[in-house]
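**Q** here you go, sequence then predicted model.
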Amino acid sequence: MTATTADQHHDHHPTGITRWLFTTNHKDIGTLYLWFSFTMFIIGGLMAMIIRSELFEPGLQFVDPLFFNQMTTVHALVMIFGAAMPAFVGLANWQIPLMIGAPDMALPRLNNWSFWLLPPAATLLIASLFVPGGAPAGGWTIYPPLSIQGGMGVDFGILALHMMGISSIMGSINIIATIMNMRAPGMILMKLPMFVWTWLITAFLLVTCIPVLAGAITMLLTDRHFGTHFFDSSGGGDPVMFQHIFWFFGHPEVYILILPAFGVVSQIIPTFSRKPLFGYTSMVFATATIAFLSFIVWAHHMFTVGMPLTGELFFMYSTMLIAIPTSVKIFNWVSTMWRGSLTFETPMLYAIGMVFLFTIGGFSGLMLAIVPADFQYHDTYFVVAHFHYVIFGGTILGALGAVYFWLPKWTGHMYNETLGKWHFWLTVIGMNVTFFPQHFLGLAGMPRRIPDYALQFAEFNMVSSLGAFLLGLSQIIFLINVLKTIKGGEKASDRVWEGSTGLEWTVPSPAPYHTFATPPVVK
């Protein structure tokens, strides 16, 4: 190839659909992930609207009881694997190369492939609701024997989970390779921005535990179609073994969802406090400790299956231990804000809201860690309330705050601050009105995954459903605000958040040297 044709080849920029199908540009792929995530968020949210409409009052109103449970399953899988995880992979794609001074991700073609596995997987997952026999009806945990007996939709779900898992593993390998090999000169690991650190640790968690899920659902598949009896007690198998394997994946998964949100909050709070992050080193070690401990607490989801007292004590104490590094992070965020020059733009509201609501979820998690108490709470709405405070109050609020924080960087335009604040307050009020009453329902004994319930639960369910409708509708404001910002608006300045460090993502670290006209002299 001559120099001229090479230049022409280099200057060729595909447009339209081919730009998005074949892109290896980390920013384009980040954008694809974020839009995909938002689409899944809306689809999962519509399922939640149907669930809450059915539960608005006692009796059976809209959907068949079996379909209700199948849709609860798909709602959870869509929200976890379709909305929450891709949102943070999108943020990682956009931000990590920018934060470490890399030109792109280490493996750009793998990056493209890891995204384009997701739309067909999501299609399969949603289609599982509508094929003969329907989706698994055993909740997102797809416990046998329910999942051994289900129809073709269970196989659709298993295949979709495999594809999403492959996507996650490839994305994680890419993130690890990028952070380990492509940092700017002088950027040692202990100068990485916290968002990059949390993602590095999350990527190791993903690479470790997604294959465990793959093993569990492959054994389930062979039980269903190839005559094995891993989990079928009639053939000598053990359904409880599935729970052990599943939760060995499932508990680290919760931290996979929350750690990148911790990283986002660790970027936003210093920026709007006009102070460096308090206790950077302790933050890094707390994150690593949380990740390590997440692997030894899985059976706290299984206190009621009949394990030995020694096992119950071990899992109870190790679960409580996780509260220590998590508290370190919360105290560090509060200390960062202490005596700072605080301003409360939308990203800061989301960061503070996330810290507050995630802490409530953490406290209810400590309640669930107590074995004799968990016997009462297990499989009630208390658990539903707990994990929605962690996942919505933590993960989703963190992701929304990240979008507001970095949108001016991505688009060159400022979002509408008034709309942003309306979105925040309606979302947070809607979320609390939806999920706070569910604590009381659970403590009073209302079981989860049921379409009908006893009359004494009627009032709290009605309140919860009204909150859910408010929460769902308020996301329209977010969509309008983002679209308005992309189309145009007030130009974002070089220093987006006035009065901040100007390097809002590298509070603890220097700018990569190649952003200066001449490299700085190192004495």
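**A** Right, received. Where do you want to start? None of these values were measured; they are calculated from a predicted model.
**Q** where does the prediction get shaky in the stretch 51-200 of the chain?
**A** Residues of the stretch 51-200 of the chain meeting the criterion pLDDT under 70: none.
**Q** residue ranges of the helices in it, please?
**A** 65-77, 85-100, 108-116, 118-127, 146-149, 152-181, 194-225 (DSSP state H, counting those that start in this stretch).
**Q** relative to L32, which of those helices is closest?
**A** helix 108-116 (5.3 Å; CB to CB). The C-beta positions use only the backbone N, C-alpha and C, and glycine is treated the same way.
**Q** now the closest one - C-alpha only, PDB.
**A** The C-alpha trace of helix 108-116 is given here as PDB (Å, rounded to 0.1, in the frame of the first residue of the first chain):
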ATOM      1  CA  PRO A 108     -10.800  -2.300  20.100                       C
ATOM      2  CA  ARG A 109     -12.200  -5.100  17.900                       C
ATOM      3  CA  LEU A 110     -13.000  -7.300  20.900                       C
ATOM      4  CA  ASN A 111     -14.700  -4.200  22.300                       C
ATOM      5  CA  ASN A 112     -17.000  -4.000  19.300                       C
ATOM      6  CA  TRP A 113     -17.800  -7.700  19.600                       C
ATOM      7  CA  SER A 114     -18.500  -7.500  23.300                       C
ATOM      8  CA  PHE A 115     -21.100  -4.900  22.700                       C
ATOM      9  CA  TRP A 116     -22.800  -6.500  19.700                       C
END
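**Q** sorry, back to before: find the one among the helices of the stretch 51-200 of the chain with the highest mean neighbour count.
**A** Mean neighbour count (mean count of other CB atoms under 10 Å) peaks for helix 85-100 among the helices of the stretch 51-200 of the chain, with a mean of 25.
**Q** which regions of this structure sit below the pLDDT cut-off?
**A** 1-12, 498-523.
**Q** on that earlier part again, which one of the helices of the stretch 51-200 of the chain lies closest to P239?
**A** That would be helix 146-149 among these, by CB to CB, at 8.6 Å.
**Q** can you tell me which residues contact I166?
**A** Neighbouring residues of I166 by CB atoms under 8 Å, 6 or more residues apart in numbering: S114, L117.
**Q** residue numbering should commence at 48 henceforth.
**A** Got it, the first residue is 48 from now on, which makes the last one we talked about I213.
**Q** pull up the gap between it and F251, please.
**A** Remark: distance between I213 and F251 (CB to CB, to the nearest Å) = 17 Å.
**Q** ditto for F135
**A** 15 Å.
**Q** send me stretch 500-508 as CSV with only the CA atoms.
**A** C-alpha atoms of stretch 500-508 as CSV (Å, rounded to 0.1, in the frame of the first residue of the first chain):
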residue,chain,number,x,y,z
TYR,A,500,-52.0,-11.1,48.7
ALA,A,501,-54.0,-10.9,52.0
LEU,A,502,-56.1,-7.8,52.7
GLN,A,503,-54.0,-6.5,55.5
PHE,A,504,-51.2,-5.6,53.0
ALA,A,505,-53.5,-3.5,50.7
GLU,A,506,-52.6,0.0,51.9
PHE,A,507,-48.8,-0.3,51.7
ASN,A,508,-49.1,-2.0,48.3
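**Q** which residues touch that stretch?
**A** With CB under 8 Å, 6+ apart, stretch 500-508 has contacts from L102, F103, E104, P105, P484, Q485, F487, L488, A491, M493.
**Q** for the residues you listed, give me JSON lines that also has neighbour count and distance to L68.
**A** Shown next, in JSON lines, are the contacts of stretch 500-508 (neighbours: other CB atoms under 10 Å; distance: CB to CB, whole Å):
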{"residue": "L102", "neighbour count": "24", "distance to L68": "41"}
{"residue": "F103", "neighbour count": "17", "distance to L68": "43"}
{"residue": "E104", "neighbour count": "14", "distance to L68": "47"}
{"residue": "P105", "neighbour count": "15", "distance to L68": "49"}
{"residue": "P484", "neighbour count": "22", "distance to L68": "46"}
{"residue": "Q485", "neighbour count": "25", "distance to L68": "42"}
{"residue": "F487", "neighbour count": "17", "distance to L68": "49"}
{"residue": "L488", "neighbour count": "25", "distance to L68": "46"}
{"residue": "A491", "neighbour count": "14", "distance to L68": "52"}
{"residue": "M493", "neighbour count": "21", "distance to L68": "47"}
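**Q** distance to I292 added to those residues, as JSON lines?
**A** JSON lines is the format used below for the contacts of stretch 500-508 (distance: CB to CB, whole Å):
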{"residue": "L102", "distance to I292": "31"}
{"residue": "F103", "distance to I292": "37"}
{"residue": "E104", "distance to I292": "39"}
{"residue": "P105", "distance to I292": "37"}
{"residue": "P484", "distance to I292": "34"}
{"residue": "Q485", "distance to I292": "29"}
{"residue": "F487", "distance to I292": "34"}
{"residue": "L488", "distance to I292": "31"}
{"residue": "A491", "distance to I292": "33"}
{"residue": "M493", "distance to I292": "29"}
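**Q** closest to I316 out of the residues you listed?
**A** Q485 (28.7 Å).
**Q** the closest one and V430 touch, don't they?
**A** No - the criterion here is CB atoms under 8 Å, and Q485 misses it with V430 at 9.2 Å.
**Q** now do the buried residues in stretch 530-547.
**A** T532, G536, A539, V543, W544, S547 (16 or more other CB atoms under 10 Å).
**Q** just stretch 500-507 next, same as before
**A** Buried residues in stretch 500-507 (16+ other CB under 10 Å): Y500, F504, F507.
**Q** so of the residues you listed, which ones are in helices?
**A** Using DSSP state H, the members of the buried residues of stretch 500-507 that fall in helices are F507.
**Q** tell me the one of the buried residues of stretch 500-507 nearest H60?
**A** Using CB to CB, the buried residues of stretch 500-507 come closest to H60 at F507, 55.6 Å.
**Q** helix or strand: which one has the closest residue to that closest one other than its chain neighbours?
**A** The shortest distance from F507 to any non-neighbouring residue, by CB to CB, 6 or more residues apart in numbering, is to P484 (4.1 Å). In this assignment (DSSP states H and E), P484 forms part of helix 464-490.
**Q** just list what that helix packs against, helices and strands only.
**A** Using 3 or more CB pairs under 8 Å, 6 or more residues apart in numbering; DSSP states H and E as the contact test, the elements touching helix 464-490 are helix 393-416, helix 418-424, helix 428-437, helix 444-458, helix 505-534.
**Q** which residues touch the shortest one?
**A** Going back to what we said before, that points to helix 418-424. By CB under 8 Å, 6+ apart, the surrounding residues in contact with helix 418-424 are H347, F350, T351, E359, L360, M363, M414, L415, V430, G489, L490.
**Q** go again with 6 Å.
**A** F350, E359, M363, M414, L415 (CB atoms under 6 Å, 6 or more residues apart in numbering).
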